[in-house]
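1. Generate a structure from the sequence data that follows.
(2 chains, ligands or ions: 1)
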Amino acid sequence: MKAPLSWIKEYVDVPADVTTEELTRRLTLTGLKLEAVESPGAQISGPLVVGRVLTMEPEPQKNGKTINWCTVDVGDANGTGEPQGIVCGAHNFAPGDLVVVILPGGVLPGNFEISARKTYGHLSAGMICSARELGLGEDHDGIIVLPADAGEPGQDARGVLGLDEEVIELEVNPDRAYALSLRGIAREVAVSVEGATGFRDPALRDTPPANDAGHPVVVEDPTGCPVFVARKVTGFDPSAPTPSFIADRIAAAGMRSISLAVDVTNYVMLETGRPIHGYDADKLRGPLVVRRAAAGERMVTLDGTQRVLSPEDLVVTDDSGIIGLGGVMGGETTEMSATTTSILVEAAHWDAVSMFRTGKRHRITSEAGKRNERGVDPTICEAAADRVVELLVAHGGGAADPGVTVVGTPPPMPTLTVAGDRAARVSGMEISEQTAAEMLRAVGCEVSGEGTGTLSVVPPPWRPDLTDPQDTTEEVVRLVGYDKVPSVVPVPPAGRGLTRVQQLRRRFSRTAAAEGYTEVVTFPFVGDADLDALGIPGDDPRRTLLRLENPLSAEAPCMTTTLLPGLLRAAARNVGLGAASFGLFETATVTLPTGGVAPILPVDRRPTEDELRSLEEALPRQPLRLGLVAVGEADASGWWGQGRPVSWADAVDAARAVADSVGLELAARATERAPWHPGRCAELVLAAVEAGDDGTVVGHAGELHPKVCATLGLPRGSVAAELDLDVLVEHAVHLRPAPAFSGYPVAKEDVALVVDAGVPAASVEAALREGAGELLESVRLFDVYTGEQVGEGRKSLAYALRFRASDRTLKEGEAAAAREAAVARAAELTGAAQR
Amino acid sequence: MSGPNTDYDPVEVTPLKAEEVEAMREAALAAVAAAADLDALKQVRLEHAGDRSPLALANREIGALPPQARKEAGQRVGQARGAVARALAERQEVLEAEHEEGMLVTETVDVTLPTDRRRRGSRHPLTLQSELIADIFTAMGWEIAEGPLVEAEWLNFDALNLGPDHPARTMQDTFWTEPAENHVVLRTQTSPVQARTMLTRTPPIYVACPGRVFRTDEYDATHSPMFHQVEGLVVDEGISMAHLKGALDHFAARMFGEGVGTRFRPSYFPFTEPSAEVDLRCFVCLGVRPEECRTCRGEGWIEWGGCGVVNPRVLVACGVDPEVYSGFAFGMGIDRSFMFRHELEDLRPLFEGDVRFSSAFGTEI
Ligand SMILES: [Zn+2]
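-> Numbering: from 1, shown residues only, chains lettered A, B, ... in the order given. Okay, here's the model as predicted:
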C-alpha cells in the first residue's frame, strides 16, 4: 500500500520533529513494514532556494543564441546577502519574478553538481531551474516562475514546489486489511508513533438518513451481502476533469487516473478502505437485486471477459439480467462512460469468503477485491457513499439525489474473553492486565473486566481479523514492542542426537564423495521424453508417474520415479561445458504413485488413528535413492602414463562401497534393464542371503546403453548406478562381533579353472568356497583368460586360495587336499576343468 | 702349508719381527683408508685380512716359535690384526653411508609434478549446510524430524490453520498432483513435518526440520520451483516468545558467528500468532556503518525468516492440549541463507549440477 505522507497527516497530527525515517521505523516495528519511500525531491540536495530576479540583460552570442545575464536576490542563502550573478538561457521571465535557484554546491537529478563557473564571459554562480531540471516534468520551455506570493527570496524552495512530498510504501499482511486505507494507516500512526495525536476518522461524518426515495434494492442473500447502500448523483458533467489533488494522490497510490467518476470511487476507497462501485444510472432497468448466481449463468465483466458463473458467486442484477459480480467486478452493460451524466453509487459490504472464492475462481485480482476478501469495516458504507456523492457534486457538477437506499445492518462484533495475563505468558515479558487493556483500547477495542483476571474484548468493526485471544494477544505484544522481548534459550530434556537412520544417510553421501563422485541437486520433474531418452520401455513400472496439475513445464509434468534422468542431464551439461572426466551423484526421494485420496480431515480435534492412516495410505511411496554416473577416465592419464577409462565395474564398485559403509555386501547378477547396456548391467542384491533366496534387490549398476549415451550427448562407455538407500538402511549391520585372526602360518595354493564363457565367475567362486571347507581363508580371482589355449566359448579363471587353521599349523598336504576338494566341487557345480 | 717345525730357529722367523708386523699393519691400514668404495674395500679385506693376507700368514708362524717367544709375537700380530679389522669395520660403515646417500640422490624426483591421478569427489554445499544446521540443533538437545515431499493437503495446509479459504493459501503457489480431488500436493513448506511430529509424539517436543520444498515459481536468479527450508518447533509447558528469541539468537550466533543476533518485526502467518519476521544482524558489518556493506545493502539487518508462537488452533488440530502446552515455530530458507553467507547472487548454480560448483566446496564447508 502506497500512501502520500501529506495525506496521512490530514488525519493525524505528527510532531514536526518526527522524521519520515522515525515514523516509518515505528510503523515497521509495529507491523507495517516499510518497503520504500518515494520522494520527487529525493535526488536534489544542497541549497535550492526562492530567488527574485533583480536585473536581466540579454546578450546575443556568436552561435546565434541569446543568453540573459541576471542578478538574483537569494536573501542570505548565499552567505553574503549580495545579489547572485547567474547566466540563464530561458526568456520566459522578467525582473521582479520569483524563480527557483540552485546555488553552487547543490546537486540536481542525474547527479548534476552545480558549481560557480565561467561561461559566456561571466562567472555564473548557480542556475535558475526548469521543471525538467528538477525532475518534476518534461516541460523544458522555460524556467519555473513562481506565483508572486510563493515565498521570500532565500527561502528553501522545496516546500514551495511540493518536493517535500514523500510517498511511503508499506507491506500490509493479510490480517491487517484496515491498513489498506489512509484511514487505517493514519490510525496506526496515531497508535504507534510517539507524539502523534488527534486522529480524525475520515469515515466519521454525518450522513443523510435512509428513505424510500432511493433506487430500489433487494438483497436476497443477506449473508453474502449484509449491507447495501445506494446513492445517486444526477446532472453530472462527464467531461469534468479530475482535480489535481485526486489525480496526484491516486497516482501516488499506484492507480491510474481514468475519469472523474472512476477516480472519485478509487479515491474514496483509498481514503476509507471501502470499495465503491458506480453504475451509469440511466442504463439501469428496475430494482437492483443481490443474489447468488445459478450454475452456468453468464455475464460479461467490464474487462470484456465472458464469465460462466457458479452458484457460489454473488451477483447484482436488474431487470436486464446480471449487471455485476458483486464486490469483485462490475458488468459491461451498466459501466460508466464518457456520456454518463447520472451515477448510482453502490457501497456494499460483502462476505469475505465469497469474495475470495469468486476472485480465485474467475482469476480476478483487483484493488476492490483485495480489500473485500480480506475484510472491510461494514459500518462505513453510508459514510463512504456520502463522501463519493460529495466529491462528484463538488468537482463534476450535478446534484445529489435525495434518495438514500440502505438495506441491512452491519453484523455485530463478537465479544472475546481473554485471560488478563495471556500477553505476558505468551511473550515472556512483564505485561500487566492494565497495560494489555490499554493497548487493546488504543487499537479501538472496547475492553472491560480489568482487575478480574479476565478481559472482555469487543474488537472495532474495522478489525474483522480479531476473532481469538491469540489475535488480541498479538495486538498487545506488538504495541508493547517485539524489540523488548527478552532472549532466553529454552532447555530441552536430554536429546538423542541424530537418529541412526539420519547417521547412515550421511555415511552414504560421504562414501559416494570419497569414491570420487560430486554431489548434485536436480529438480525431480520429468516427462515421457526423459524416459524415452533412457530407453525405458512402456510397460516398465518406472513409467507409472505421479502427474502434476500445474507443472511449470509441459515437457516435465511429472514427479520422477528414478534419479537417472536428472543425473544424466546434469552429466550431459557438464560434458557440454567441456568436462571430460567426472563423477556425479545425488541422493533424493523418488515418487512411486499409489493413487489414493487423502481426505481433508477436521481441524477442531486430533484426527483418529484411522484417519491418519488414511492420509498415509493415500500418499505415494517415496523411497530414498542414491544415483551416480561417471564419465571419461576413472584414473586420469598423466605424466605417470595412460589412464584407465571408466568401466561398468567402477559403477558396481561404487555401489558396493556405499553398501559397505553400512556393513553390507552386495552380490551382482547379470540383468537387462534400461538405461544400461544389455550385456553390462548388474542387478545388485544383498549378499548375505539364505541359500535359495533370490536376495533383496538394492539397485542396478553398469555401463550405459550406447544409444542412451548417444541420445543424451554422453561419451560411449559412461557408467551409472541407482540404489535404494531405504533397503540398505533397513538391513544395515548394527553390531557385529570383533573378528578373530589365526596367528598360524598361511598356505597358498593357486588354481586355474576352465569353464564355459557363460558361467558367472561368482558361481565358480561360490563352488570353490563350498568345496574348500573351513580351512579356506580367502579366494581371489586374479586373472581371466580367453583365447586359443582354452578354446572357443571357454574362459580360464585363475584363483589364489589361502588356507589357514585357527588352532594349528597345517600339515603337509592338508592345503593341497582342500584345494583338490574345492576344484572337485567347482567341476561338479560349474563344469570347471583344471588347467 | 707350513706347520710347526721344531728344527726351525724362531728368532730367525722374519715375518714375526716387530718391524715386519708393523709394516704389514701400516700397509693394511693404508689400503683400507684408500678404498674408495665398498667393492674396493671388499678387495682390501681379502688382501689384508683374508686367510692369505700377510698378517694371517704371519699368525700361522707363531706356533713355530719357542714358547717364551710365542706370547710376545702373538700379542704383536693379534694387535695388528685387530687394528686392521677395526679399520675395515669403520671404513665399511663410512662407505655404506656414502653409498646409501648416493642412492637416495639418484632416486630424487620432482615433487612439484601433478598428483591428480584419482578423481576427487565432493558433497553439495546445501547438503553440508543442512548438516551444519542439524548439528547446531542436536547440540542444543533438539532432534531432527523429517517427512515426505509429496504430502497430504490437509497436513500441508488445513492442520496448520490454513483453511481452504485462507487468504494466505493463495500466497503459496502450490504444485497440485493429479487428480486434485486426491488432495495431494508437493509440500510448500516443511511445516507439515511439524504437524506430523505433534501428531506422533507427546510433548516436550524440540525438533528442527531441514528439507526440500516446492512452489510454482518460475526458475530465475532469485526463484526456484524447488528450494530448501529449515523449520523449528518447540512444544512444552511455559514456552514463550522469549524462548523463541533465545533459540534463534543462539542459532544465529552458531551459524554466523558470535555477536550475530536477531530482531523481530510483527508479521502474519496462519501457523503462528503472535507472528514475527526474523531479521538477522548483518554478520559482515554487525550493523556498524552498514551503508558501506554489500551484504545487507545498508540495512544492518538481513531478512532471515518467519516465526511465532504456535497458534492454539494448530495445537488442537494436532492433538496437543493448548491449556497445558504452548510452543513456538520458526522457518528460514537454507538456500537463501547459503546465498548471503557465501555471496552467491544467482541461485541457479545450486541446481544445475555443474561439477565445478560443488567441487569448490570440497567435502565439508
Ligand atoms: Zn552489513
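
2. Moving along the chain from the worst-scoring helix or strand of chain B on mean pLDDT, name the first helix or strand you hit.
-> When the helices and strands of chain B are scored by mean pLDDT, DSSP states H and E, helix B:167-171 comes last with a mean of 64. The helix or strand immediately downstream of helix B:167-171 is strand B:184-186, counting by DSSP states H and E.

3. which residues touch residue 173?
-> Picked chain A for this. A:Asn173 sits next to A:Gly31, B:Ser267, B:Tyr268 when contact means CB atoms under 8 Å, 6 or more residues apart in numbering or on different chains. To be clear about C-beta, it is placed using only N, CA and C from the backbone, and glycine gets the same treatment.

4. nope, chain B please
-> B:Asp173 makes contact with B:Thr188, B:Arg215, B:Thr216, B:Asp217, according to CB under 8 Å, 6+ apart.

5. Also A:Val407?
-> Neighbouring residues of A:Val407 by CB under 8 Å, 6+ apart: A:Val217, A:Val218, A:Val219, A:Val227, A:Phe228, A:Val229.

6. coming back round to it: now the contacts of A:Asn173 in JSON lines, please, with extra columns for secondary structure and neighbour count.
-> Formatted as JSON lines, the contacts of A:Asn173 follow (DSSP: H, G, I helix; E, B strand; the rest coil; neighbours: other CB atoms under 10 Å in any protein chain shown):
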{"residue": "A:Gly31", "secondary structure": "coil", "neighbour count": "28"}
{"residue": "B:Ser267", "secondary structure": "strand", "neighbour count": "23"}
{"residue": "B:Tyr268", "secondary structure": "strand", "neighbour count": "23"}
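
7. Redo those residues as TSV? Include distance to the ion and pLDDT.
-> Formatted as TSV, the contacts of A:Asn173 follow (distance: CB to the ion, whole Å; pLDDT from 0 to 100):
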residue	distance to the ion	pLDDT
A:Gly31	24	89
B:Ser267	22	93
B:Tyr268	27	91
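
8. ok, stretch B:247-254 near chain A or not?
-> Yes. With CB under 8 Å from any CB of the partner chain as the criterion, chain A is reached by stretch B:247-254 at B:Ala247, B:Asp249, B:His250.

9. I'd like the distance from that stretch to the chain centre, please.
-> For stretch B:247-254, the separation from the chain centroid amounts to 25 Å (computed by CA atoms, centre = their mean, to the nearest Å).

10. same question, stretch B:24-34
-> The answer for stretch B:24-34 is 61 Å, by CA atoms, centre = their mean.

11. Check stretch B:286-301 too.
-> Its chain's C-alpha centre and that of stretch B:286-301 lie 33 Å apart, by CA atoms, centre = their mean.

12. is it anywhere near the ion?
-> Yes. For stretch B:286-301, a contact with the ion is found by CB under 5 Å from the ion, at B:Pro290, B:Cys293, B:Thr295, B:Cys296.

13. Please tell me which one of those counts the most neighbours.
-> Top of the residues of stretch B:286-301 next to the ion by neighbour number is B:Cys296, holding 22 neighbours under the definition other CB atoms under 10 Å in any protein chain shown.

14. Does that residue touch B:Arg289 like I think?
-> No. Assessed by CB atoms under 8 Å, B:Cys296 is found out of contact with B:Arg289, at 11.0 Å.

15. one step back: chain A: which of the contacts of B:Asp173 is nearest?
-> Nearest to chain A out of the contacts of B:Asp173 is B:Thr216 (CB to the nearest CB; 6.1 Å).

16. If any of the contacts of A:Val407 are buried, give me the PyMOL selection for them.
-> Here is the PyMOL selection string for the buried members of those, based on 16 or more other CB atoms under 10 Å in any protein chain shown:
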select buried, chain A and resi 217+219+227+228+229
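
17. Chain B: which of the contacts of A:Val407 is nearest?
-> Taking CB to the nearest CB as the measure, A:Val227 is the one of those closest to chain B, at 20.7 Å.

18. Can you tell me how far that closest one is from A:Pro209?
-> Distance of A:Val227 to A:Pro209, given as CB to CB, to the nearest Å: 15 Å.

19. cool, and A:Arg363?
-> Distance, A:Arg363 to A:Pro209, by CB to CB: 40 Å.

20. repeat for A:Glu367
-> 30 Å.

21. Counting neighbours around each, name which of the two comes out higher.
-> Between A:Glu367 and A:Pro209, A:Glu367 has the larger neighbour count (other CB under 10 Å), namely 16 against 8.

22. Lovely, talk soon.
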